[in-house]
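Student: Here is my input; please provide its structure:
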Amino acid sequence: MSGATLSVVLHEPLIPNNTGNIGRTCVAVGAALHLVHPLGFDLDEKKRRRAGLDYWPRLDLSEHASWGAYLQASGRARRWYFATQGGRDLFEADFLPGDHLVFGKETGGLPESIRKPQADRVLVLPMRPGERSLNLATAVCAALYEAVRQLLASGDLRLDEDHRLAPAKPIQ
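Tutor: Next up is the predicted model:
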């Protein structure tokens, strides 16, 4: 595992553009990205180059063959699971360095078999009544920036003089 402050986990993502946008957001905030297979697209270098993913080499990326493989690789990481209903709202979470933010695929979200045992760690993004969901990349961005906001407020992250994210303590 890298020294990333936060991690985003995508369980069986289907749409390459969403994953690309999420990867870019992870690079921007220094978060790691975990992709749990099967994926609904191919990540080979030729396709990444054609898609213009010039930031992809800076992405702290891990791929996992299955949910079980991810769990084994991530060990005792503290996880927050995102869903469109149930659970608590995003703003009730108390994010800490090292947390993993787990999202499901675009068409069905996280399977109940993953969410149900962790019901106290399921979060929803508040929306108006009747709205069913946000785009996956939008939801990840909103959740990730709320976590970053909290880490800034707690002093676990800081902004440098150019308003860029920096480690809590300047590297000597």
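Student: Can you identify the element that follows the helix or strand of the chain with the lowest mean pLDDT toward the C-terminus?
Tutor: Lowest by mean pLDDT, DSSP states H and E among the helices and strands of the chain is helix 45-50, with a mean of 63. Per DSSP states H and E, the first helix or strand lying C-terminal to helix 45-50 is strand 60-64.
Student: In that next one, which residues are buried?
Tutor: Buried residues in strand 60-64, defined by neighbour count with 16 or more other CB atoms under 10 Å: 60-62, 64. The C-beta positions use only the backbone N, C-alpha and C, and glycine is treated the same way.
Student: where are the low-confidence patches of this protein?
Tutor: 1-3, 45-52, 169-172 (pLDDT under 70).
Student: go again using 90 as the cut-off
Tutor: 1-4, 16-17, 41-57, 85-87, 130-133, 166-172 (pLDDT under 90).
Student: want to throw the buried residues of strand 60-64 into CSV with distance to residue 20?
Tutor: Formatted as CSV, the buried residues of strand 60-64 follow (distance: CB to CB, whole Å):
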residue, distance to residue 20
60, 15
61, 12
62, 16
64, 19
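Student: quick check, nearest of the residues you listed to residue 96?
Tutor: Nearest to residue 96 among the buried residues of strand 60-64: residue 60, at 18.2 Å, using CB to CB.
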